[in-house]
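Asker: Got a sequence here, can you model it:
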Amino acid sequence: MTDPIQQALIAARKNQILDAAAIVFAEKGFHPTTIRDIARQAGIADGTIYNYFENKSMLLLGIFERMRESILAEQTMPAPDEVDTRAFVRAFVQQPLTGLREDNFALFRIVLSEMMVNDELRTRYYEQIMAPTLAIAESYLQAQVDQGRLHIPDVGLTVRAISAMILGLMIEYTLGDSALSAQWDQLPDTLTDLILNGIYNPS
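Answerer: So this is what the prediction gives:
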């Protein structure tokens, strides 16, 4: 039987380490940061970190897993039978965009650059963060297709195209696009309109 007090202590220690890692990664970048730097920031011994995380890559992934869990807790995706298509698409689009604020953009840049060269982090990120999110969207849109509300020839490809638009906007923001910076909070509605209504008006 799991001891709830012990589990709470473990969770608290993990959060303490992740808080420290997020600060140091954002300040120094991924590669210059050492486990010792993170331990010093957390006020613990170097070896303590390895009791909770395998390596620096898993610390970086842990930061994003925690961020994702926090966003999901604040903005629960509505169930397919409880909401219309527009509301679902907006919620799906809004979650990742809402998560990237303040120092989170700095962390996103670090994760993105490291994933380009780190096979382990790339695989874990896709399996633990991307794949579950895509599966939720696929399930919902397929249900809408089955009910005759939407006509989508390839649901999986459509979901990935939407996801790619979101990822592209996140990358463009990190490159310093001033229009995105000024209107970031308007993107969920703009993207939802684009996805559902398109831009072509034959009339």
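
Asker: helix or strand for the residue lying closest to residue 57 once chain neighbours are set aside, which one?
Answerer: Nearest non-adjacent residue to residue 57, counting by C-beta to C-beta, 6 or more residues apart in numbering: residue 121, 4.4 Å away. Using the backbone N, CA and C atoms, a C-beta is placed for each residue, glycine as well. Assigned by DSSP states H and E, residue 121 belongs to helix 119-125.

Asker: got the contact list for the helix or strand that that helix is followed by?
Answerer: Using DSSP H and E, the helix or strand that follows helix 119-125 in sequence is helix 131-146. The contact list for helix 131-146 (C-beta atoms under 8 Å, 6 or more residues apart in numbering) reads 68, 77, 80, 85, 88, 92, 95, 150-152, 155-156, 158-160, 162-163.

Asker: so residue 160 is in which element?
Answerer: Using DSSP H and E, the element containing residue 160 is helix 155-174.

Asker: Next, the angle helix 131-146 makes with that helix.
Answerer: If you take axes from the mean of the first three to the mean of the last three C-alpha atoms, to 10 degrees, helix 155-174 sits at 130 degrees to helix 131-146.

Asker: Summarise which helices and strands the helix or strand just after helix 155-174 is packed against.
Answerer: The helix or strand immediately downstream of helix 155-174 is helix 178-183, counting by DSSP H and E. On a contact count with 3 or more C-beta pairs under 8 Å, 6 or more residues apart in numbering; DSSP states H and E, helix 178-183 meets helix 155-174.
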